[in-house]
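In: 3D model of this:
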Amino acid sequence: KTGTTIVGICCKDGYILGADTRTTGGSMVINKLKRKIHSITNYTHICTAGTVADCDYIVRKAKYDLNIFLLNNEFYSNDSI
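Out: Here you go, the predicted model:
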């Protein structure tokens with residue numbers, strides 16, 4: 001069977017994220033190098049699983065919405081991105 005494997009571990013000083021890199025179409029491996037861990041900011045990361053187009057949209061939307069929030073609330077600085 002195919003499926004995405006994503007693991008997150010919370011540590012005292014941060015966290016560790018891990019994910020596989022395969023993209024499948026049915027039982028066929030389409031891409032062996034697809035990133036599934038995405039950086040939203042230097043301190044915020046998300047892992048994705050599911051349809052590639054949906055995952056890419058969620059990542060773009062999260063980055064956009066966070067930047068709008070930071071600008072509207074005057075939190076924007078070089079450290080936040």
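In: For the nearest residue to residue 47 once chain neighbours are set aside, grab the count of nearby residues.
Out: Excluding the flanking residues, the one nearest residue 47 by Cβ to Cβ, 6 or more residues apart in numbering is residue 6, at 4.5 Å. For glycine as for every other residue, the C-beta is placed from the backbone atoms N, C-alpha and C. The number of residues packed near residue 6 is 14, by other Cβ atoms under 10 Å.
In: Might one say that residue 6 is in contact with residue 46?
Out: No. Counting by Cβ atoms under 8 Å, residue 46 is not a contact partner of residue 6; they are 10.0 Å apart.
In: hmm, back to that, so in terms of bridging, what pairs with the residue nearest to residue 47?
Out: For residue 6, the beta-bridge partners are residue 19 (DSSP bridges).
In: Okay, residue 20 and residue 33: tell me how far apart.
Out: In this view, residue 20 and residue 33 are 11 Å apart by Cβ to Cβ, to the nearest Å.
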